[in-house]
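**Q** test case, fold it:
(one chain, ligands or ions: 1)
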Amino acid sequence: MTQNTISSLTKEQILDIYNQPLIDLLFEASKVHRLHHDPKKVQVSTLLSIKTGGCPEDCGYCPQAARYHTDIEKNDLMSCSQVKAQALRAKASGSSRLCLGAAWRNVKDDADFEQVLEMVKTVNSTGLEVCCTLGMLTESQAKRLADAGLYAYNHNLDSGEEYYKEIISTRGYEDRLKTIENVRTAGVTVCSGGIIGMGESAEDRCSMLATYAAMETPPESIPINALVAVEGTPLEEQQPVTIWEMLRMIATTRLVLPTSVIRLSAGRTGMTEEGQAMCYMAGAGSIFAGDKLLTTPNPDVNKDMELFKILGITPSAPYEKGEQPVVKDEPVILNTHPEEKVKWSRPGHKIERNEAKRIRKNNP
Ligand code: SF4
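**A** Below you'll find the model as predicted:
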């Protein structure tokens, strides 16, 4: 039995939890949530896209993949001063964390990474928790981010290992797990979760939760996203998940990983306020704020604050669940670990949906 999970649950056992009558599942999840968390506190994160679009990967849900023809506005890497301005805005609007997202396959030991390290130091100095989501990461890169004052690193498993192959062909599940391990080794907290509504089964969702439950230390933060189907991506025709599916997923995650903070992430614009309130009761303890989540829409932060007021919720202050990392100001040296030549995999899973999309595009 690990510290944070109710037991080393198998996928089948988690599926039994998932499939119980919803009324019972929600009640049990709400009880467990109150044992480990203050239900009147919700952590608010702002997600900032510091480099948008042009990604070489083929994640079937993502409008930032260069190979799909979507309407997003591409942007090069932001400057530190732009990031600082956004950090101060986020702090003033009630966020306790700023998450910096770059559409990269993996981090490279180059000038862009040095710039990101400066951004991390800058945001840390504002008193906000700093999170990054930059793709795959080596152990030494994770260590450098930790030294710059990084509090959390986001790297989602997206789905269970079996279904993952239907969504992404350009890197493997093992690569994802390796990055999470590197982050953990560097002493940075882990943010890792999934997306529902990509065509996966309940079994696939539970398989992902079983992977997290089997970790020696499960992620401190687990974002649960509902797919926002974007025109031009292979998943553009997916129907939105119902609030009942979202509640079932959040409640199951709550019971399987009782101490992790569950973040109600993408897809909130499709939910009513009542639906979101039920998500908080079922165990969600965090949201993303801001009118955009990287490239997809998100509710206005004032609306979130109004709902918090109705429910008697207050946003958490930074570092309520951990200590602010001390920035170690070391001289900037490019490529400090040239010996660390990691070969991330290129598994080349064949995804029929992507193939069909490519054929349609070439034969209009
Ligand atoms: S999800 Fe990340 S890695 Fe995948 S295509 Fe989008 S930006 Fe690239």
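**Q** state the distance from the one residue in the stretch 101-250 of the chain that gets nearest to the ligand to residue 74.
**A** Here the stretch 101-250 of the chain gets closest to the ligand at one residue, residue 103, 3.6 Å apart by CB to the nearest ligand atom. Yep, even glycine has a C-beta here, placed from its N, CA and C like the rest. Counting by CB to CB, to the nearest Å, the gap from residue 103 to residue 74 is 9 Å.
**Q** check residue 233 too.
**A** The gap separating residue 233 from residue 74 is 15 Å, by CB to CB.
**Q** and the pLDDT for the closest residue to residue 64 other than its chain neighbours?
**A** In space, and not counting its chain neighbours, residue 64 is closest to residue 103: 4.2 Å by CB to CB, 6 or more residues apart in numbering. pLDDT, the model's per-residue confidence, is 94 for residue 103.
**Q** ok, now which ones touch residue 103?
**A** Contacts for residue 103 (CB atoms under 8 Å, 6 or more residues apart in numbering) come out as 49, 51, 52, 53, 54, 55, 64.
**Q** stretch 73-81: how far from the chain's middle?
**A** Once both centres are worked out by CA atoms, centre = their mean, to the nearest Å, stretch 73-81 turns out to sit 20 Å from its chain's centre.
**Q** is it anywhere near the ligand?
**A** No. Using CB under 6 Å from any ligand atom, stretch 73-81 stays clear of the ligand, with a minimum separation of 11.5 Å.
**Q** can you point out the buried residues in that stretch?
**A** Of all the residues in stretch 73-81, those buried under the rule 16 or more other CB atoms under 10 Å are 77, 78, 80.
**Q** what is the neighbour count of residue 8?
**A** 11 (other CB atoms under 10 Å).
**Q** any idea how far the closest residue to it other than its chain neighbours lies from residue 281?
**A** Sequence neighbours aside, residue 214 is the residue nearest to residue 8 in space, at 6.1 Å (criterion: CB to CB, 6+ apart). For residue 214, the distance to residue 281 (CB to CB) stands at 28 Å.
**Q** neighbour count winner among the two?
**A** Each of residue 214 and residue 281 has its neighbours counted (other CB under 10 Å); residue 281 has more, 19 against 13.
**Q** are we agreed that the more buried one is in a strand?
**A** No. Counting by DSSP: H, G, I helix; E, B strand; the rest coil, residue 281 is not part of a strand but helix.
**Q** need phi/psi at residue 49.
**A** Note on residue 49: its backbone torsions stand at phi -80, psi 110 [degrees, to the nearest 10].
**Q** could you double-check that it lies in contact with residue 295?
**A** Yes. At 6.9 Å, residue 49 and residue 295 qualify as touching, with contact defined as CB atoms under 8 Å.
**Q** what about stretch 185-197 and the ligand, touching?
**A** No. Stretch 185-197 is not in contact with the ligand by CB under 6 Å from any ligand atom; minimum separation 9.7 Å.
**Q** can you give me the end-to-end distance of that stretch?
**A** Counting by CA to CA, to the nearest Å, you get 32 Å between the two ends of stretch 185-197.
**Q** same question for stretch 141-156.
**A** Span of stretch 141-156 from end to end, CA to CA: 18 Å.
**Q** got a list of what residue 284 touches?
**A** Listed by CB under 8 Å, 6+ apart, the contact set of residue 284 reads 42, 224, 250, 262, 263, 264.
**Q** that'll do, ta.
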